[in-house]
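In: Let's see this in three dimensions:
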Amino acid sequence: MDRVTSSASGASLGVLASGASSRRRGRRVSSWLPFLAPAVIVLLLVGVVPLVTALQMSFTSFSYVLPGRTGQWIGTENYTSLLSNGAFLGAIGRTIAFTVSAVVLELAIGLLLATGLNATGRGRGPLLSLLIIPMILTPVIVGLMFNFALNPQFGPIASIIRGGTGSSVDILGSPMGAFAALVLADVWQWSSFMALMLWAGMQALPPRRSRRPRSTGPRRCSAFA
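Out: Take a look at the predicted model:
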């Protein structure tokens, strides 16, 4: 009987303790929730509301310019016309090709740069400053830089190609050349970001593991295993 009474009292105390802790958590939430509410409202107004509005308008025939399109409901006709449009499908294919090629090159170059930074001692400060420069430039500035560099008349890259081949080459004048120039500009700007991210990850590795390939002498590729 005493055991039953003690177990019942212990259970009641546990229930009371859990109830008190839940009330304390509720008070803590109610204390910081008013400070979080303005940021949540701004995010909803800036992000969620336009997204829902655009999704709703995609099922209607609406235009600010063309007459007669005042928001009539047309269902999935807009999506059907897009999927049957050759220009749209071609743009999707080029976007996928651009993303894959740029990310693969940035990862490879960033890994090489991060490995070099990891092997550098105290003199890596100037290197880090140089790596940050491409990231702080806006895409408009990067585009103007490469447009000047690839100019067939006075661009430095075009001059180097002309000196090596003996003929002037208009890289931006062909679809493949323009695509390669876009990939080159993106790789130049964001390879440093990939390098810094990979180097930061290398700094988090245990020192013993990072020194193991040098001490045991395996192939260099095993350092990334």
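
In: For this structure, which segments count as helices?
Out: 2-43, 49-57, 77-83, 86-119, 124-136, 139-149, 156-165, 175-203, 207-216 (DSSP state H).

In: Tell me how far the second one lies from the chain's centre.
Out: The gap between the average C-alpha position of helix 49-57 and the chain average comes to 24 Å, counting by CA atoms, centre = their mean, to the nearest Å.

In: average pLDDT across that helix?
Out: Taken as a whole, helix 49-57 has a mean pLDDT of 90.

In: cool, stretch 79-97 as well?
Out: Across stretch 79-97, the per-residue pLDDT values average to 93.

In: residues in contact with that stretch?
Out: Stretch 79-97 has contacts (CB atoms under 8 Å, 6 or more residues apart in numbering) with Ser58, Phe179. In this view, the C-beta of every residue, glycine as well, is placed from N, C-alpha and C.

In: hang on, the earlier thing: save the helices of the chain as TSV, and put in mean neighbour count and distance to Pro67 too.
Out: Shown next, in TSV, are the helices of the chain (neighbours: other CB atoms under 10 Å; distance: least, CB to CB, whole Å):
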stretch	mean neighbour count	distance to Pro67
helix 2-43	10	36
helix 49-57	11	17
helix 77-83	12	18
helix 86-119	14	24
helix 124-136	12	46
helix 139-149	14	35
helix 156-165	13	47
helix 175-203	17	36
helix 207-216	11	67
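
In: Output those in TSV; the columns should cover distance to Thr70.
Out: Listed next are these as TSV, based on distance: least, CB to CB, whole Å:
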stretch	distance to Thr70
helix 2-43	31
helix 49-57	12
helix 77-83	15
helix 86-119	25
helix 124-136	45
helix 139-149	36
helix 156-165	51
helix 175-203	38
helix 207-216	65
